[in-house]
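Undergrad: please work out how this folds:
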Amino acid sequence: MKSPTTLAAEAVRDSKSRLYKIILADMHKAGERGRTCDESEVQLRMLHQTCSARYCELRQAGFIEQTGKRRRTRYGCTADVYKVAK
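TA: Numbers count the residues shown, from 1 in each chain. Model prediction:
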C-alpha cells in the first residue's frame, strides 16, 4: 500500500504532466508567433502562478524557447515571447 505522501507526489506529477501537455498544445497552435506567459494565462484560463511555473519548467527542460521578441501584457508591462523549441 502506498503512503499518503507517495500518493500526493504522484497526484502532483500527474497534474503537472497534464498542464505541460495543455500549454504545449496551445503553443503549437500559436506557431512561430509564439506566446507570452500572460497570453497563455488568458487563453487557457490559468492562474499566473500555475502558468509561469510550468513555463519555467518547460524552458529548463528544453521544450520551449525564447523568440527574442517581447510583447505587452494586459497590465502594460513587456514580456518575453516563447515558442515550441525545435
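Undergrad: mind telling me which residue is nearest the centre of this structure?
TA: residue 55 (3.5 Å; C-alpha atoms, centre = their mean).
Undergrad: I'd say residue 65 and residue 85 touch.
TA: Yes: assessed by C-beta atoms under 8 Å, residue 65 is found in contact with residue 85 at 4.4 Å. In this view, the C-beta of every residue, glycine as well, is placed from N, C-alpha and C.
Undergrad: next secondary structure after whichever strand or helix holds residue 28?
TA: If you go by DSSP states H and E, residue 28 is part of helix 4-30. For helix 4-30, the following helix or strand on the C-terminal side (DSSP H and E) is helix 37-44.
Undergrad: elements contacting the longest strand seen in the chain?
TA: For the chain, the strand with the greatest residue count under DSSP state E is strand 64-72. Under the contact criterion of 3 or more C-beta pairs under 8 Å, 6 or more residues apart in numbering; DSSP states H and E, strand 64-72 touches helix 48-60, strand 78-84.
Undergrad: got these as TSV, with distance to residue 38 and mean pLDDT columns?
TA: Compiled in TSV, those are given as follows (distance: least, C-beta to C-beta, whole Å; pLDDT from 0 to 100):
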stretch	distance to residue 38	mean pLDDT
helix 48-60	8	96
strand 78-84	6	97
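Undergrad: and those, which is most packed in?
TA: strand 78-84 (a mean of 17; mean count of other C-beta atoms under 10 Å).
Undergrad: shaky segments in the protein?
TA: Within the chain, the stretches with pLDDT under 70 are 3-14.
Undergrad: residue 62 reaches residue 85, doesn't it?
TA: Yes: in this structure, residue 62 is within contact of residue 85 by C-beta under 8 Å, at 5.7 Å.
Undergrad: and these two? Which one has more around it.
TA: It is residue 85, of residue 62 and residue 85, that has more neighbours when counted by other C-beta atoms under 10 Å, with 13 against 8.
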